[in-house]
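> I'll drop the sequence and a predicted model, then ask my questions.
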Amino acid sequence: RRYDYKRPLHHQGQEIVNTFYRAITERNIRVIFFKPFIDSKNDLVSDYAVYKARFADLERRLLAGPHHIRRVMAADGEKLDLMPRLRPRPAYQMLAGLAVIACFLLLLDNMLPLKPVVLYGLFALAALPTAAVYLLQIRLSLFNILFGLAATILFAVLATQFVLAESKRVFDAGAAVTRLGAFGRSLWLLAGAVLISLAGALCETAFYAESEYLLELKVFTGVKVSQLLPLALAIVVALRYFGNDILGKAELTAKDRTMYFLNMNIKFWHALIGMMLLAAVALLIIRSGHETGVQPANMELFIRNILEEILPARPRNKAFLLGYPGLLLLGYFAYQKKYQWLYPILAIMAAMGQANILNTFSHIRTPLYLSVWRIFFEVLFAIGMTGLYVLVLEAAGALWRRCQRQQKPESGQPAEQNGK
């Protein structure tokens, strides 16, 4: 079915070879059992030139860029290199576990300010049994799974919280900033958030860098939870920082604000936005994971293949189209102190981008250099896309203000005489 994909440059088995390329570079596959091509009429493709061209393309792509993967034939008389068994030292995993605990306490302290003695006490209560587990090597596999899943969730939320906290600080300061200055400063927020998420990825990798995961005898569990929960928690964090500004009630306490949101009347446009967000999140969750029945559209696949041809690693669409731009727009609007009603939605998008970083590194079978390249290009593409979004939004805002001015009656002239 993939021999002729009915797309340009996809008529003679290119998509089948693209599957091989992804398996080798991203899924740690080193042995391929190849079958001859079958065309759309279910006939065997017997033209040797087609096979020669396809495998020449594959070999060229594997040797190029950062991969440097070469083909080995049995006739070469070479002995294949064997992968030694890999298992991180429990002491390193213990340090990563302590970092996950500290991340959780940072989130807790930012949401519910606690006294230092309470924070240190909670850390000690959690750190002592964690150290005992790893030093005595008690059920390491189970605790690695739990800490690894916690790292993918907590660090993504912490990165989003950092962006919201900084945005709230500059929002309240109200300093005069130009549009270009606001966009430039929002880039620093993106850099800080990405660094926090990469710290989480470092911890996550410590738990999963084992031969069983590299060979996919075991797989990362909780993909959907690690992508959905940060989005839900991002809403809670956004309302904690900007709830009063959205409601225009600066005097509300956290309890009063919560009760206000729970008791408020839901309007039609509220429900409409909510259904759109739920549909988008549902599509995100359905398409994530190791097994999914939802396949990308032909055009999307075509664009993916082009990006894979020209880049060492293909950036994910949800990251550079939604995740990182949402974060940049949140900072951009906060510096200008406007559109605060949009901040919870932008916070969800920001959390999506940060969860994507942790999810990228949860595919431990993928070489780490490839995951780093992927995130680099996602950020690069996102900056360009956000610039385009800003131009469109500013143009739409200017057009709206112009229409509003035209509808207002001129000073000293009755409204009914002012052009119906």
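That came in fine, so what should we check first?
> residue ranges for the strands of the stretch 101-250 of the chain, please.
Counting by DSSP state E, counting those that start in this stretch, the stretch 101-250 of the chain forms no strands at all.
> Sketch out the low-pLDDT regions of it for me.
Within the stretch 101-250 of the chain, no stretch has pLDDT under 70.
> Look at Leu95 and report its pLDDT.
What the model reports for Leu95 is a pLDDT of 93.
> Report how many residues lie close to it.
The tally of other residues near Leu95 (other CB atoms under 10 Å) stands at 15. The way it works is simple: take the backbone N, C-alpha and C, and place the C-beta from them, glycine included.
> cool, and Ala191?
When neighbours are counted by other CB under 10 Å, Ala191 registers 11.
> quick one: it and Glu166, what's the gap?
Distance of Ala191 to Glu166, computed by CB to CB, to the nearest Å: 12 Å.
> Repeat that for Cys103.
According to CB to CB, Cys103 stands 17 Å off from Glu166.
> for Ser362, same thing?
With the distance defined as CB to CB, Ser362 ends up 27 Å from Glu166.
> More neighbours: those two, which one.
Between Ser362 and Glu166, counting by other CB under 10 Å, Ser362 is the more crowded of the two (25 against 20).
> For the more buried one, give me its contacts.
148, 152, 204, 208, 220, 223, 226 (CB atoms under 8 Å, 6 or more residues apart in numbering).
> so what's the backbone phi/psi at the residue lying closest to the fifth one once chain neighbours are set aside?
If the residues on either side of it in the chain are set aside, Phe220 comes closest to Ser362, at 4.3 Å by CB to CB, 6 or more residues apart in numbering. Main-chain dihedrals, Ser362, degrees, to the nearest 10: phi -70, psi -20.
> 24 is where my numbering starts, stick with that
Sure, I'll start counting at 24 from here, so that last one is Ser385.
> Just the pLDDT for Ser385.
We have a pLDDT of 87 for Ser385.
> now do the one 3 residues further on
Here, the pLDDT recorded for Arg388 equals 85.
> With the one 3 residues further on instead?
At Leu391, the model reports a pLDDT of 88.
> How many residues are close by it?
Counted with other CB under 10 Å, the neighbours of Leu391 add up to 13.
> and what of Arg192?
Neighbour count of Arg192, defined by other CB under 10 Å: 11.
> Check Tyr392 too.
When neighbours are counted by other CB under 10 Å, Tyr392 registers 12.
> And Pro152, by the same measure?
The number of residues packed around Pro152, counting by other CB under 10 Å, is 10.
> which SSE is the residue positioned nearest the centre of the chain in?
The centroid of the chain falls nearest to Asn379 when counting by CA atoms, centre = their mean (2.1 Å). In this structure, Asn379 sits in helix 366-385 according to DSSP states H and E.
> which residue ranges form the helices in the stretch 174-323 of the chain?
Assigned by DSSP state H, counting those that start in this stretch, the stretch 174-323 of the chain shows helices spanning 202-231, 234-237, 246-270, 277-286, 291-310, 321-333.
> chain center to the third one: distance?
Its chain's C-alpha centre and that of helix 246-270 lie 15 Å apart, by CA atoms, centre = their mean, to the nearest Å.
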